[in-house]
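Asker: coordinates only, sequence not included:
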């Protein structure tokens, strides 16, 4: 009887030790922040902050978007595919602007939407918005 109880307690403590790694990842999510998708001028942006990085995802309501003109404010304009990321400390915030563009053919200039400006942060969460 005693050996059965000992085996049961040993098995229970082994299971508890094995479950500790399953609990640990939830603390990583506590250090993440999401700024939900927001659309302005046909350009949509959302932000996820985790692992010390601000990760901006861009999309468009236009059917033929080939790229985005992008800049952090202040910052230089660059051309990106569907996102951009940069390192930041927790608690920082700022804005970024983007244009959805369709590349022009045969040497023609790209056609782009008006600039849309969005917020990013590595701290408090914001409410979802659609314009």
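Answerer: Nice, I can see it. Keep in mind it's a predicted model, so treat the numbers as computed, not measured.
Asker: quick one: the strands in this structure?
Answerer: 33-40, 43-50, 53-60, 67-73, 78-80, 83-87, 93-102, 111-112, 116-121 (DSSP state E).
Asker: excluding its backbone neighbours, what's nearest residue 118?
Answerer: In space, and not counting its chain neighbours, residue 118 is closest to residue 45: 4.4 Å by Cβ to Cβ, 6 or more residues apart in numbering. No exception for glycine: its C-beta is placed from N, CA and C like everyone else's.
Asker: wait, that neighbour touches residue 55, no?
Answerer: No. Counting by Cβ atoms under 8 Å, residue 45 does not reach residue 55; the two are 11.1 Å apart.
Asker: so those two - more neighbours on which side?
Answerer: Neighbours per residue (other Cβ atoms under 10 Å) separate residue 45 from residue 55, with residue 45 holding more: 26 against 17.
Asker: distance of that one relative to residue 107?
Answerer: Relative to residue 107, residue 45 is positioned 30 Å away (Cβ to Cβ, to the nearest Å).
Asker: next, count neighbours for residue 78.
Answerer: 11.
Asker: measure how buried the closest residue in space to it that isn't next to it in sequence is and give me the count.
Answerer: Counting by Cβ to Cβ, 6+ apart, residue 78 lies nearest to residue 70, which is 5.6 Å off, once chain neighbours are set aside. Look at residue 70: counted by other Cβ under 10 Å, it has 22 neighbours.
Asker: list the contacts for residue 70?
Answerer: Going by Cβ atoms under 8 Å, 6 or more residues apart in numbering, residue 70 touches 58, 77-80, 84, 96-99.
Asker: so how far is stretch 39-56 from its chain's centroid?
Answerer: Offset of stretch 39-56 from its chain centre (Cα atoms, centre = their mean, to the nearest Å): 5 Å.
Asker: no further queries at this time; thank you.
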